[in-house]
Structures are given as structure tokens and as C-alpha cells.
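*Asks:* after the sequence you'll find the predicted model.
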Amino acid sequence: MAQKRSASQRQNVLADALRNTPDDSVTSGSKCAVERIREQMNEETRALLNQRIEDVRERRQIIAHGRTGGVNASWLARVLTDNGYPVSALTVQKHIGKRCRCGD
């Protein structure tokens with residue numbers, strides 16, 4: 001069972017964690033699933049996917065959190081999966097947020 005920490009102990013642990021900043025470089029040589037999917041597409045389809053990724057990125061900046069309709073990571077993952085490119089919404093979301101292995 002985890003030991004309870006006092007408020008000052010929690011602050012010290014948090015401060016230590018924040019001091020240790022992660023390296024910005026890609027830690028793995030492999031590409032994320034979205035990038036691997038893009039490589040399988042022809043130029044026209046890849047351009048459409050890239051446009052939809054940008055649409056979701058722009059939309060995320062203007063739509064209030066909690067809104068789930070329209071063009072979003074879940075929709076994009078569903079479209080890709082339904083058309084033979086299985087990928088999770090979380091993977092797409094990480095790619096859109098530039099928090100994936102490829103950082104794109």
C-alpha cells in the first residue's frame with residue numbers, strides 16, 4: 001500500500017520531478033502508427049489525410065474542451081480503421097498533438 005505523504009513531501013517530490021526535464025529528441029527510431037499509415041498511401045490520399053490532421057489541429061485550438069462532434073481524432077481514427085488502416089483514437093490524438101514518436 002502506498003504511503004501517504006505530507007503536503008511538503010508532495011511538493012518536494014513534485015519539484016524533483018519538474019527539475020528532471022525529458023529530452024526533446026525522439027527516443028525511438030521507429031515511426032508512429034499514423035506515419036506508418038501515411039507511408040502506405042498514394043500521394044492524393046496522403047495529402048487528404050494531412051489536410052484532415054491539420055483541420056483537427058486547428059479545430060482543437062478554437063473548440064471548447066468537452067465538445068466531441070465533427071472533425072476530431074476519434075472521427076479520423078474511425079475513418080482510417082473502417083478503411084483498412086486500424087489505429088486507435090489515442091494514437092491519432094497523440095500524433096495530432098505532436099506527442100508521438102515522430103513528433104509530426
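*Replies:* In hand now; what should we look at?

*Asks:* can you list the weak-confidence ranges in this structure?
*Replies:* 1-3, 21-29, 60-69, 103-104 (pLDDT under 70).

*Asks:* residue closest to the middle of it?
*Replies:* Lys94 (0.5 Å; CA atoms, centre = their mean).

*Asks:* for it, helix, strand, or coil?
*Replies:* helix (DSSP: H, G, I helix; E, B strand; the rest coil).

*Asks:* for Val34, same thing?
*Replies:* Taking three-state DSSP, the label given to Val34 is helix.

*Asks:* related to what we said a few turns ago, looks like the residue nearest to the centre of the chain contacts Val87 (just checking).
*Replies:* No - between Lys94 and Val87 there is no contact under CB atoms under 8 Å: 10.6 Å. Where you see a C-beta, it was placed from the backbone N, CA and C, and this is true even at glycine.

*Asks:* so what sits against both of these two?
*Replies:* When CB atoms under 8 Å, 6 or more residues apart in numbering defines a contact, no residue borders Lys94 and Val87 alike.
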